[in-house]
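> coordinates for the following, if possible.
(one chain, ligands or ions: 1)
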Amino acid sequence: MKVPFGTISVTQESKDLIKKILDSARISSGKYVKKFETKFAQLLGAKEAVALSSGTDADILALAVLYDFGANRGDEVIIPALSFVATGNAVLHAGFKPVFVDVQRDTLNIDPDKIEEVITAKTRAIMPVHLMGKPAEMDKIKKVAKQHGIYVIEDAAEAHGAKYKGKEVGIIGDMGAFSLYIAHIVTTGEGGIVVTANLEFAEILRSLRSHGRACKCKECVINTSDQACSLRFKHGTDIRFFFERVGYSSKMNEMEAAIGLGNLKLYDQILEKRRFNFFYLHEKFQKFSPYFKTIKIENYEEIGPHAFPIILEEGVTFTRNEFVKYLESNGVDSRSLFLSMPTQAPGFSFLGYRLGQFPNAEYIGNNGLHIGVHQDLEKEHLDYFLGLTDSFLKERCDKRG
Ligand SMILES: Cc1ncc(COP(=O)(O)O)c(C=O)c1O
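Here you go, the predicted model:
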């Protein structure tokens, strides 16, 4: 049996729409991107949504907005030490310095009680990550951010559908950045989107995604109709070629939006199936507790399951890679549970952190993995994986000492 890590659902409606878009030769960001933004915003109850070309760009551009609000290049942004590396890359590409805080082993998320000690006069934002779709401790994070007058930008790349105390993640902070890459609950193939309640932030995001142009209306007539833009020369200069800020080239295209529009219709169905799969594994995995742990679930949160995380208990007589190889040789795909960006990713070594500074992130980096819970996995796939875990543990050993 094969248990793949990810899947993508492309509906017939999306396929028809893509053909229509190709026939129209109007492929660059236009009316379908706008429609996707509107629907995504509605789904979350967000005032604004700005679609982009990736989740990494969503992180980068959300941070770059802060330059219009007093931030300077080289200022600091606090992020968890453990995440997919895109979070750390994004802070650097936005021109900020990442300041890392260790995570908690049972939540995988930033330790909220350790944030305050790294805040300095240069801190501009905290970017918590809702890893694997488990919400970060937003009350504590917002409280400390408020006390110090800094922004909260949620990296909700993996957390579509997750709720914290009844509120959708992504709309709890000042901005929320989602990935729409194929592995995620809402996908456009490749893509990202930022949501916010702040209309000015949304305008700046629209400018940033298109080279920093002064042209940033919510409804762009140039891209969505045959009408001429009445604002184009209003200020004496062509706003399409007047660049207000250092921008990016990060637009979503119409075909990606078409995949997303079809995908949104399956949202409830996909979320329900992923939740079923996640909680099935979560319950069954308790019996492996001497060897493996997973995340704890609080009664005030709803997980938006990206995947099922597994961490080896300390002292077991096998390694993560041995378990991964065993699964792989039996058809079960898995991924490492990321790493401690500052101390385990060589690309970050220039920042000067030392191994040992982020013990939990480093432990997970060496001992964590995650497997798919996506909508194309049935109970028999999950039982097959559970059976394999059982036989691996029987074949190997019991707990050391
Ligand atoms: C936590 C996190 N942040 C950012 C990203 C970047 O998203 P993308 O791959 O769409 O650039 C990902 C990727 O899935 C992610 O897991």
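> tell me how many other residues crowd whichever residue of the stretch 251-400 of the chain sits closest to the ligand.
Using CB to the nearest ligand atom, the closest approach of the stretch 251-400 of the chain to the ligand is made by residue 306 at 7.5 Å. The C-beta positions use only the backbone N, C-alpha and C, and glycine is treated the same way. Residue 306 sits with 28 neighbouring residues when counted by other CB atoms under 10 Å.
> which residues touch the residue lying closest to it once chain neighbours are set aside?
Once flanking residues are discounted, residue 306 sits nearest to residue 158: 3.9 Å by CB to CB, 6 or more residues apart in numbering. Taking CB atoms under 8 Å, 6 or more residues apart in numbering, we find residue 158 in contact with 84, 129-133, 179, 184, 304, 306-307.
> let's go with 7 Å and repeat that
130-133, 184, 306 (CB atoms under 7 Å, 6 or more residues apart in numbering).
> cool, and residue 244?
Neighbours of residue 244 in contact, by CB under 7 Å, 6+ apart: 207, 212, 214.
> give the contact list for the last one.
Taking CB under 7 Å, 6+ apart as the criterion, residue 214 is in contact with 239, 242, 244.
> of all the residues in stretch 287-294, which ones are buried?
When burial is assessed from 16 or more other CB atoms under 10 Å, stretch 287-294 yields the following buried residues: 288, 291-294.
> do stretch 73-88 as well
For stretch 73-88, a neighbour-count test (16+ other CB under 10 Å) marks 75-84, 86-88 as buried.
> related to what we said a few turns ago, hmm, which two among the buried residues of stretch 287-294 are most spread apart?
291 and 294 (11.5 Å; CB to CB).
> helices of the stretch 101-250 of the chain, start to end?
Here the stretch 101-250 of the chain has its helices, by DSSP state H, counting those that start in this stretch, at 138-148, 199-208, 221-224.
> so which of those helices comes closest to residue 48?
It is, among the helices of the stretch 101-250 of the chain and with distance given as CB to CB, helix 199-208, at 3.6 Å.
> which other helices and strands contact that closest one?
strand 48-52, helix 55-64 (3 or more CB pairs under 7 Å, 6 or more residues apart in numbering; DSSP states H and E).
> cutoff 8 Å now
Where contact means 3 or more CB pairs under 8 Å, 6 or more residues apart in numbering; DSSP states H and E, helix 199-208 is packed against strand 48-52, helix 55-64, strand 192-196.
> interface residues of the stretch 151-300 of the chain facing the ligand?
By CB under 6 Å from any ligand atom, the residues of the stretch 151-300 of the chain that approach the ligand are 155, 157-158, 179, 181, 192.
> closest to residue 395 among these?
Among these, and counting by CB to CB, the member closest to residue 395 is residue 158, at 32.3 Å.
> report pLDDT for the closest one.
At residue 158, the predicted lDDT confidence score is 98.
> residue numbering should commence at 765 henceforth.
From this message on, residue numbering opens at 765, which makes the last subject residue 922.
> ok, it to residue 1069 distance?
9 Å (CB to CB, to the nearest Å).
> from the contacts of residue 978, which is closest to the ligand?
Taking CB to the nearest ligand atom as the measure, the ligand lies nearest residue 1008 of the contacts of residue 978, at 25.2 Å.
> returning to what we had before: next step: the residues of the stretch 915-1064 of the chain next to the ligand restricted to strands.
919, 943, 956 (DSSP state E).
> among those, who's most crowded?
In these, the most neighbours by other CB under 10 Å go to residue 919, 32 neighbours.
> tally of neighbours for the residue nearest to that residue when sequence neighbours are not counted?
Leaving aside its sequence neighbours, residue 919 sits nearest to residue 893 (CB to CB, 6+ apart; 4.2 Å). Neighbours of residue 893 under the rule other CB under 10 Å: 27.
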